[in-house]
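S.K.: need a 3D model of the following:
(2 chains)
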2 protein chains.
Amino acid sequence: LGCFFMHIAMIGDRIVPAEQVDSVYFDRGTFFGDGVYEVLRSYDGRLFALDEHLERFANSLSAVGITGLDIDTIRGRILQAVDAAGIPNAKIYFHVTRGSEPRSRVADSALKPNFFLTVGEVGDNTEEKTTGIAVSTFPDWRWRRCDIKSLNLLANVLASTDAAKKGCGEAILVDEAGFITEGAGSAFFAIFGDTLRTAPLTANILSSITRKFVLEAARNIGLEVVEESLKPTEAVEADELLIAATTRDIVPAVKFDDRVIADGKPGEKVKSIARQFRSYTG
Amino acid sequence: LGCFFMHIAMIGDRIVPAEQVDSVYFDRGTFFGDGVYEVLRSYDGRLFALDEHLERFANSLSAVGITGLDIDTIRGRILQAVDAAGIPNAKIYFHVTRGSEPRSRVADSALKPNFFLTVGEVGDNTEEKTTGIAVSTFPDWRWRRCDIKSLNLLANVLASTDAAKKGCGEAILVDEAGFITEGAGSAFFAIFGDTLRTAPLTANILSSITRKFVLEAARNIGLEVVEESLKPTEAVEADELLIAATTRDIVPAVKFDDRVIADGKPGEKVKSIARQFRSYTG
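M.R.: Residues are numbered from 1 along each chain as shown, chains lettered A, B, ... in the order given. You can find the predicted model right below:
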């Protein structure tokens, strides 16, 4: 680690000469959120949508200009780690950052990227799937390139924390024009009659992989899919609401900012979509 | 470090049991950019505007709801580190993140924050002060709360990298409405006759400490200060342009997106502002 111009560091209350500090402390992921990530899972030992996640990850790396780690290497590491963990229903998180060096906005072009991955168990969320969750709105403070799955997630953290304080299971983000973009960690959908509505994929929306499967499932059960943003005032009038995320699957939302949706119970169409979805993952 | 649900991690190509991974790898600063930072400097052994930086830092901590580390403790650590480094013209960087734990958007409320600080030498930028720099515009992709000095800086990295590729010394950010907000790592000002113009402080602008001193200096040399956003088409017509940042002081901009400003040399008013500014720091 080249430390020109840098003499000492302090970790907590401890002073350390800069050259003795582990390079992980100089990760551009921490200084700038200069990295991209993915979360995927397995069902009963089978990884779900690995190719889709790797394709999106390649797009994210390319969009921020991080090079030096090819997708096949990453695929190999995922398989190796999943194999080593031996967990049937595993949640795999991984990120790549631009690398470690003394803090400077413009990176050294020779920098080597850092790779970090964890494998754990997917938590059981049967209850929220069965009874549904309450959701609450929060301003969409995220950056303008939410199509890139980057480590800049403070806006998501603040929104999710606000929702948790209100006893809600997800924050639904609302942009400056008053439209719902998506959940802080999920895609968001509303069902009106035989129509499923969700925001179109723009620079403000993550190209959610679970979203893709929800749209497919919705069409399969005979719903018309309309990709058009909606406002909270419209969402509360929906027949059914749902969120979708890799580690949570399909979760009905039965309360929206204190307004009970329909009769306050998960509806039949959400249940059908969830059943269809399970046929993809099972 | 509680690692429930997490079994193994992978650092680069190396598999490690989760409980053996140093907690710095689980820093929410890396997972989410869930932290805030400051950069300050000393001139000939005297810290400049320490109180202002600490006040802004306290505001940032409060805005993101990070508690558990008081400002007096941080002040003490800065003084201790600066003393230990013994560098007359020192650049001090520090950040506080919400802490380390297995990745989850909503943090454990008992989490202890992480503190990291570096002290190095301020690089010599006499040349850019004397001859001026070229600047180039880039879309302002940052989040909606740039008044908070957070670790979510990927938009700034991408903008600065683009500027560097074009041979420019700073990226000037332009919002969706076509107005200049600020530089990727600086405040931005234009001089028209006897008027100094800069964007007003809103949620999209960092409350720059150097900016405050530039406004004071400008008034002291008889300029009228107008806090009103301007467009690139107006900026290129200015008599003089300048950027201001803690580690760079006052730097004239003599080229803006390939348009030469006035005669392409730093103007008299920028020089006067820089002289005034030196009287504050000296």
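
S.K.: look at the residue nearest to A:A253 when sequence neighbours are not counted and report its pLDDT.
M.R.: Spatial nearest neighbour of A:A253, chain neighbours left out: A:L241 (4.0 Å); criterion: Cβ to Cβ, 6 or more residues apart in numbering or on different chains. Just so you know, the C-beta spots here come from the backbone N, C-alpha and C atoms, and that holds for glycine as well. Looking at A:L241, its pLDDT is 98.

S.K.: where does A:L241 land in three-state SS?
M.R.: Three-state call for A:L241 (DSSP: H, G, I helix; E, B strand; the rest coil): strand.

S.K.: residues in contact with it?
M.R.: When the contact criterion is Cβ atoms under 8 Å, 6 or more residues apart in numbering or on different chains, the partners of A:L241 are A:V135, A:F188, A:F189, A:A190, A:I191, A:A235, A:P252, A:A253, A:V254, A:F256, A:I261.

S.K.: could you check whether the host helix or strand of A:A164 is close to chain B?
M.R.: Taking DSSP states H and E as the definition, one finds A:A164 inside helix A:154-165. Yes. In terms of Cβ under 8 Å from any Cβ of the partner chain, part of helix A:154-165 sits within range of chain B, namely A:L154, A:A155, A:N156, A:V157, A:L158, A:S160, A:T161, A:A164.

S.K.: so the fifth one touches A:W141, yeah?
M.R.: I take that to be A:L158. Yes. In this structure, A:L158 is within contact of A:W141 by Cβ atoms under 8 Å, at 7.0 Å.

S.K.: which one's more surrounded, the two?
M.R.: For A:L158 against A:W141, the residue with the higher neighbour count under other Cβ atoms under 10 Å in any protein chain shown is A:L158, and the figures read 26 against 20.

S.K.: can you tell me which residues contact that one?
M.R.: Each residue near A:L158 by Cβ under 8 Å, 6+ apart is listed here: A:F138, A:W141, B:V64, B:G65.

S.K.: tell me how far it lies from A:H95.
M.R.: Between A:L158 and A:H95 the distance, using Cβ to Cβ, to the nearest Å, works out to 20 Å.

S.K.: give me the distance between the residue nearest the centre of chain A and chain B.
M.R.: By Cα atoms, centre = their mean, chain A has its centre lying nearest to A:G185, at 4.7 Å. Using Cβ to the nearest Cβ, to the nearest Å, A:G185 is found at 6 Å from chain B.

S.K.: for that residue, what are its contacts?
M.R.: Contacts of A:G185 (Cβ under 8 Å, 6+ apart): A:N156, A:S160, A:E170, A:A245, B:R105.

S.K.: and the next element down the chain from the worst-scoring helix or strand of chain A on mean pLDDT?
M.R.: Averaged element by element with mean pLDDT, DSSP states H and E, chain A has its least confident helix or strand at strand A:6-11 (a mean of 90). For strand A:6-11, the following helix or strand on the C-terminal side (DSSP H and E) is strand A:14-17.

S.K.: list the buried ones in that next one?
M.R.: Under the neighbour-count criterion of 16 or more other Cβ atoms under 10 Å in any protein chain shown, strand A:14-17 has A:I15 buried.

S.K.: next one: stretch A:54-69
M.R.: Of the residues in stretch A:54-69, those buried under the neighbour-count criterion (16+ other Cβ under 10 Å) are A:L54, A:R56, A:F57, A:S60, A:L61, A:V64, A:I66, A:L69.

S.K.: and chain B, which of those contact it?
M.R.: Filtering the buried residues of stretch A:54-69 for proximity to chain B by Cβ under 8 Å from any Cβ leaves A:V64.

S.K.: which ones among the buried residues of stretch A:54-69 map onto helices?
M.R.: Secondary structure of those is defined by DSSP state H; positions in helices are A:L54, A:R56, A:F57, A:S60, A:L61, A:V64.

S.K.: my read: the fourth one touches A:C146, true?
M.R.: Spelled out, that is A:S60. No. Checked against Cβ under 8 Å, the pair A:S60 and A:C146 is beyond contact range at 11.2 Å.

S.K.: low-confidence stretches in chain A?
M.R.: A:1-6 (pLDDT under 70).

S.K.: can you show me the helices along it?
M.R.: Taking DSSP H, the helices of chain A run over residues A:28-32, A:50-64, A:71-85, A:126-131, A:154-165, A:209-220, A:232-235, A:268-281.

S.K.: export only the CA atoms of the fourth one, formatted as PDB.
M.R.: Okay, so that is helix A:126-131. Only the C-alpha atoms of helix A:126-131 are listed here, as PDB (Å, rounded to 0.1, in the frame of the first residue of the first chain):
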ATOM      1  CA  THR A 126     -43.200 -17.400   6.500                       C
ATOM      2  CA  GLU A 127     -45.100 -15.200   8.800                       C
ATOM      3  CA  GLU A 128     -44.800 -12.000   6.700                       C
ATOM      4  CA  LYS A 129     -45.700 -14.000   3.700                       C
ATOM      5  CA  THR A 130     -48.800 -15.400   5.400                       C
ATOM      6  CA  THR A 131     -50.100 -12.300   7.100                       C
END
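
S.K.: that helix and chain B, are they touching?
M.R.: No. Interface with chain B: helix A:126-131 contributes nothing (Cβ under 8 Å from any Cβ), its closest point being 14.4 Å away.

S.K.: next, count neighbours for A:A262.
M.R.: In terms of burial, A:A262 registers 14 neighbours under the definition other Cβ under 10 Å.

S.K.: backbone dihedrals for it, please?
M.R.: phi 50, psi -120 (degrees, to the nearest 10).

S.K.: please name the nearest non-neighbouring residue to A:S160.
M.R.: If you skip the residues right next to it in sequence, A:S160 has B:R105 as its closest partner in space, 3.9 Å away by Cβ to Cβ, 6+ apart.

S.K.: what about A:I209, neighbour count?
M.R.: Around A:I209 sit 22 other residues, with neighbours defined as other Cβ under 10 Å.

S.K.: isn't it right up against A:L54?
M.R.: No. The pair A:I209 and A:L54 does not pass the contact test of Cβ under 8 Å, sitting 10.7 Å apart.

S.K.: hang on, isn't A:D147 packed against A:T202?
M.R.: Yes. The criterion here is Cβ under 8 Å, and A:D147 meets it with A:T202 at 7.4 Å.

S.K.: which one's more surrounded, the two?
M.R.: For the pair A:D147 and A:T202, the greater number of neighbours falls to A:D147 (17 against 12), based on other Cβ under 10 Å.

S.K.: for the more buried one, give me its contacts.
M.R.: With contacts taken as Cβ under 8 Å, 6+ apart, A:D147 has the following neighbours: A:A63, A:L201, A:T202, A:A203, A:N204, A:I205, A:L206, A:S207.

S.K.: how close does it get to chain B?
M.R.: 11 Å.

S.K.: so how far is B:A238 from that residue?
M.R.: When distances are taken as Cβ to Cβ, A:D147 and B:A238 turn out to be 35 Å apart.

S.K.: try A:A244
M.R.: When distance is defined by Cβ to Cβ, A:A244 is 50 Å away from B:A238.

S.K.: tell me which of those two has more neighbours.
M.R.: Applying other Cβ under 10 Å to A:A244 and B:A238 shows that A:A244 carries more neighbours, namely 27 against 22.

S.K.: residue contacts, A:R103?
M.R.: A:F26, A:R28, A:F31, B:Y93, B:T118 are the contacts of A:R103 under Cβ under 8 Å, 6+ apart.

S.K.: from B:D249, how far out is it?
M.R.: Taking Cβ to Cβ as the measure, A:R103 and B:D249 are separated by 19 Å.

S.K.: equivalent analysis for A:F189, please.
M.R.: With distances taken as Cβ to Cβ, A:F189 is found 52 Å from B:D249.

S.K.: equivalent analysis for A:V106, please.
M.R.: Taken as Cβ to Cβ, the spacing of A:V106 relative to B:D249 amounts to 19 Å.

S.K.: ok, now A:G267?
M.R.: Computed with Cβ to Cβ, the distance linking A:G267 and B:D249 is 62 Å.

S.K.: repeat for A:L154
M.R.: The span separating A:L154 from B:D249 equals 29 Å under the rule Cβ to Cβ.

S.K.: for A:I261, same thing?
M.R.: Applying Cβ to Cβ, the value for A:I261 to B:D249 is 57 Å.
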